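Chemist: model this:
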Amino acid sequence: MDQFFQEIAASFQKTFIKDDRWLQFLKGLGVTIEITVVAAVIGIILGFLIAMVRSTYDKNLTGKKCRKPSDYLLKFLNVLCNIYITVIRGTPVVIQLMIMYYIIFSSSRNGIIHAYFAGIIAAVLAFGINSGAYVAEIVRSGIMSIDKGQFEASRSLGFNYSSTMLHVILPQAFKNVLPALGNEFIVLVKETSVAGYVALQDLTYVGNLIRSRTYEAFFPLISVAAIYLVIVLILTYFLKKLERRLRSSDH
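Modeler: Numbering: from 1, shown residues only. Modelled structure (predicted):
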């Protein structure tokens, strides 16, 4: 038994204490959080814009003929949004990440942008664009779930379409889709674990790097899993708190 605990202590020392490897975990965690936060912002903005285009088309032009130039523009934008969602949801995020880094940013990595910053930019764009496709469908479903009478009542009060969406429909839709949006953000946190494919030293990459140097798999991998779990638990806590606050505001 004493030998078992000695081996555990030695493994812990090699994983965290030797060469200040715990600092590498902290740096990896910082990279993961940085990518996740920026990608989430991109995904939310992109998703809401696409959801508004698609829901506007579904409510106003589905099964109807285009009569105005704005109708043709809306139809064109809807087609582009459909192609975007189909392609992004139909291909693995790791492939999108590698395309972004090795193809789109291939010349930049050897030019004016340092390879590290090119990796960060490629990662946040790839994960943000990927998340945007899922956020768009989540938000669109929330908008479409709002009763049509809400639109008609708002228009009768003098609101135009944009004001109706911004002040009446989107707040209600946001409450309806908040749990699904929360799940998407949790998935996004875990998806960033493949950022090491473009040489970014994120949390997963650091854990695997330390494992390869110490020949100890237990502590590096369990530590990475535990950190991701803590992040998810924190996100879940705040999302539930936000849901309760939004529900209480309805009364």
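Chemist: C-terminal to the least confident helix or strand in the chain by mean pLDDT, what's the next element?
Modeler: Ranked by mean pLDDT, DSSP states H and E, the helix or strand of the chain with the weakest confidence is helix 106-109, at a mean of 67. Following helix 106-109 in sequence order, the next helix or strand is helix 115-145 (DSSP states H and E).
Chemist: chain center to the following helix or strand past that next one: distance?
Modeler: Where DSSP H and E defines the elements, the next helix or strand beyond helix 115-145 is helix 148-156. On the basis of Cα atoms, centre = their mean, to the nearest Å, helix 148-156 sits 33 Å off its chain's mean C-alpha point.
Chemist: what does stretch 26-38 give?
Modeler: 13 Å.
Chemist: what's the burial count for Leu80?
Modeler: Using other Cβ atoms under 10 Å, Leu80 is surrounded by 12 other residues. For the C-beta atoms, the positions are set from N, CA and C on the backbone; glycine is no exception.
Chemist: report the buried residues of stretch 225-244.
Modeler: For stretch 225-244, the neighbour count (16 or more other Cβ atoms under 10 Å) marks Ile227, Tyr228, Ile231, Leu235, Leu239 as buried.
Chemist: residues in contact with it?
Modeler: Phe25, Leu29, Ile33, Leu178, Pro179, Gly182, Phe185, Ile186, Val189, Lys190, Ser193, Leu203 (Cβ atoms under 8 Å, 6 or more residues apart in numbering).
Chemist: send the alpha carbons of it over as PDB?
Modeler: Extracted in PDB, the C-alpha atoms of stretch 225-244 (Å, rounded to 0.1, in the frame of the first residue of the first chain):
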ATOM      1  CA  ALA A 225     -11.200  16.100 -18.000                       C
ATOM      2  CA  ALA A 226     -11.800  17.500 -14.500                       C
ATOM      3  CA  ILE A 227     -11.100  21.100 -15.700                       C
ATOM      4  CA  TYR A 228     -13.500  20.800 -18.600                       C
ATOM      5  CA  LEU A 229     -16.100  19.300 -16.200                       C
ATOM      6  CA  VAL A 230     -15.700  22.300 -13.800                       C
ATOM      7  CA  ILE A 231     -16.100  24.700 -16.700                       C
ATOM      8  CA  VAL A 232     -19.300  23.000 -17.800                       C
ATOM      9  CA  LEU A 233     -20.600  22.900 -14.200                       C
ATOM     10  CA  ILE A 234     -20.000  26.700 -13.900                       C
ATOM     11  CA  LEU A 235     -21.700  27.400 -17.200                       C
ATOM     12  CA  THR A 236     -24.600  25.200 -16.200                       C
ATOM     13  CA  TYR A 237     -25.000  27.000 -12.900                       C
ATOM     14  CA  PHE A 238     -25.100  30.400 -14.400                       C
ATOM     15  CA  LEU A 239     -27.400  29.300 -17.200                       C
ATOM     16  CA  LYS A 240     -29.900  27.900 -14.700                       C
ATOM     17  CA  LYS A 241     -29.700  31.100 -12.700                       C
ATOM     18  CA  LEU A 242     -30.400  33.100 -15.800                       C
ATOM     19  CA  GLU A 243     -33.400  30.900 -16.700                       C
ATOM     20  CA  ARG A 244     -34.900  31.300 -13.200                       C
END
